[in-house]
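> pasting the sequence and the predicted coordinates here, then a few questions.
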Amino acid sequence: MKRELRNIMMTMLLVTASATPVYATENYVKEGVSGTSNITVTLTGIKDIKGIVQAGLYSSEDGYKNGGSVRGARVEVKADTVTINYSDLPDGEYAIKLFHDVDGDGKMATNLFGIPTEPFAFSNNAVGKMGPAKWVDAKFTISGAKTAHAITLN
């Protein structure tokens, strides 16, 4: 039982470290990354209608693992569904990490053991095993003018 609890705690610590994108502005855009494709992300499952959803869009496995997002978003929660739009992207593979910053302090809240106390999610509704969801499970491909993507908050 102690080993299971330890494994759960380590998993949550790893999830916290990788699921906490921090953005200076609502529409963060990495310089030099542009194209003609758009992604509309619909986030459902929001229980507390307050705070902010912070999301990062990643275009590579390395960026996904190490926090190098190509787009960032901060969207105020006003309903049980939030829509995030990313525009002018090159075609390719992408993944999303996000969390609901319920208290609005700009970071994911955790308990004394480092386990997240605020909801988070990954694209494709991917779930991590012993850490955050893997790139291969969270990635999706965009090609063409518009792509829709749905995520349910955990």
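Yep, that arrived.

> number of nearby residues for residue 88?
If you count neighbours by other CB atoms under 10 Å, residue 88 ends up with 12. Just so you know, the C-beta spots here come from the backbone N, C-alpha and C atoms, and that holds for glycine as well.

> contact partners for it?
By CB atoms under 8 Å, 6 or more residues apart in numbering, the contact list for residue 88 reads 34-38.

> and residue 125, by the same measure?
Applying CB under 8 Å, 6+ apart to residue 125 gives the contacts 151-152.

> neighbour-wise, give me the winner out of the contacts of residue 88.
Of all those, the most densely surrounded is residue 37 (18 neighbours; neighbours counted as other CB under 10 Å).

> what's the neighbour count on the closest residue to residue 143 other than its chain neighbours?
Counting by CB to CB, 6 or more residues apart in numbering, residue 91 is the residue found nearest to residue 143 once chain neighbours are left out, at 4.6 Å. By other CB under 10 Å, 13 other residues sit near residue 91.

> ok, now residue 84?
For residue 84, the count of nearby residues is 21 (other CB under 10 Å).

> ok, now residue 68?
Per other CB under 10 Å, the neighbour tally for residue 68 reads 13.

> OK, contacts around it?
Residue 68 neighbours (CB under 8 Å, 6+ apart): 58, 60, 62.

> which SS class is residue 63?
Secondary structure, DSSP: H, G, I helix; E, B strand; the rest coil: residue 63 is helix.

> that one against residue 71, yeah?
No: under the criterion of CB atoms under 8 Å, residue 63 makes no contact with residue 71, lying 10.9 Å away.

> who's more crowded, these two?
A count of neighbours by other CB under 10 Å puts residue 71 above the other of residue 63 and residue 71, at 24 against 18.

> alright, that wraps it up for me.
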